[in-house]
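Undergrad: the sequence and its predicted three-dimensional model are supplied below.
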Amino acid sequence: QRDNDWDQRFEPAVLRDGHRVEVVANIGQTSEAHTVLESGAEGVGLVRTEFLFLDRDHAPEEEEQYLALKEMIEALEGLPMIVRTMDIGGDKPVSYLGLSELDLSFLGLRGFRLSMARPDLATAQLRAIFRAAEHGPIRLMFPMIASPNDFLRAREMTDKVRREMGGREVELGVMIEVPSAVAMASELAELADFFSIGTNDLTQYALAADRTHPLLAGRADSLHPAVLRLIEQTVQAAHAKGKWVGVCGGLAADPLGALILTGLGVDELSVPPSLVPQIKALLRREELLGLHKLAQKALSQRDPRAVRALRPSH
Ligand code: PEP
Ligand code: MG
């Protein structure tokens, strides 16, 4: 089966009824970009740019960031790449920015909040991204957006940098990973070009269970119906406004998770490059109607165990 999945990896993930799901890759290193084409991924759904900031004693200059992103987009040979702005804080702490433990906490100055607090860092990163966008189709998205105003700030900051350097326009997306962003999904969908659901954080914030706490690993379960209901709400709100939705969190790479997400109407799954062939093959065996029924059943369960026991009916 594995060999067969591998042989078919360059074929798109088309369900038996013709419904197509885009399967793309998550990457977090320059070198990983070179594995994307070979994996069969149709692009990159998430570049975790934190690799440029972690495990060092000073922030990277614009030039270093530009060179890394340029190498990545060039390695994709024309496929699209979604770059997420720095998601520092929480599980991705840095020592050199003068940030306290409170700042760095999961509820602190995390993700786009740090970009707002440190416009110098944000500007250097955005400049690097717009320079790299001259070399291929780059989209941009922002982590830890908690309200429409957060996204308006992100768009303002981004447009200002772009105009100053005469960069080309790129599509701007919102990461949906804070429950308040789900509650405001209609308003966000009006403002953004696309959504990308970060199920790792959405799960920890929805269930109030730290994603790094070893004793809470069982609790922070993305297959919890509470999380699935938030995802459903997000997809409905986006589609009502004609916007597409990807999922770049770990749930997209879980076999049952990928099936349920597809049944909920998610348009794109972003998974580690090594899992692309398997997720594509899994989807090809299904029909959208069956997955829709599976998803509806999952939404009506009481706990993740019951969800985990479900299978698509053929
Ligand atoms: C997520 O939260 O699901 C996500 C994709 O982002 P990260 O894991 O980098 O926080
Ligand atoms: Mg996240």
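TA: That came through, no problem. Ligands and ions are numbered 1, 2, ... in the order given.

Undergrad: how near is residue 25 to residue 271?
TA: As judged by C-beta to C-beta, to the nearest Å, residue 25 and residue 271 stand 7 Å apart. No exception for glycine: its C-beta is placed from N, CA and C like everyone else's.

Undergrad: near ligand 1, which residues of the stretch 201-314 of the chain show up?
TA: Within reach of ligand 1 by C-beta under 6 Å from any ligand atom, the stretch 201-314 of the chain has these residues: 201, 248-249.

Undergrad: now, which of the residues you listed sits nearest residue 140?
TA: Checking those against residue 140 by C-beta to C-beta gives residue 248 as the nearest, at 13.7 Å.

Undergrad: isn't that closest one right up against residue 46?
TA: Yes: between residue 248 and residue 46 a contact is recorded at 4.0 Å, counting by C-beta atoms under 8 Å.

Undergrad: which residues do the two both contact?
TA: 26, 82, 196, 270 (C-beta atoms under 8 Å, 6 or more residues apart in numbering).

Undergrad: I'd like those residues as a markdown table, with pLDDT and secondary structure appended.
TA: A markdown table is the format used below for those (pLDDT from 0 to 100; DSSP: H, G, I helix; E, B strand; the rest coil):
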| residue | pLDDT | secondary structure |
| --- | --- | --- |
| 26 | 98 | strand |
| 82 | 99 | strand |
| 196 | 98 | strand |
| 270 | 98 | strand |
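
Undergrad: quick one, what contacts residue 56?
TA: By C-beta under 8 Å, 6+ apart, the residues touching residue 56 are residue 96.

Undergrad: residues contacting the residue sitting nearest the centre point of the chain?
TA: Centroid-nearest residue in the chain: residue 248, 3.3 Å away (criterion: C-alpha atoms, centre = their mean). Residue 248 makes contacts with 26, 45-46, 82, 175, 196-198, 270, as judged by C-beta under 8 Å, 6+ apart.

Undergrad: any idea how far it lies from residue 141?
TA: Distance, residue 248 to residue 141, using C-beta to C-beta: 9 Å.
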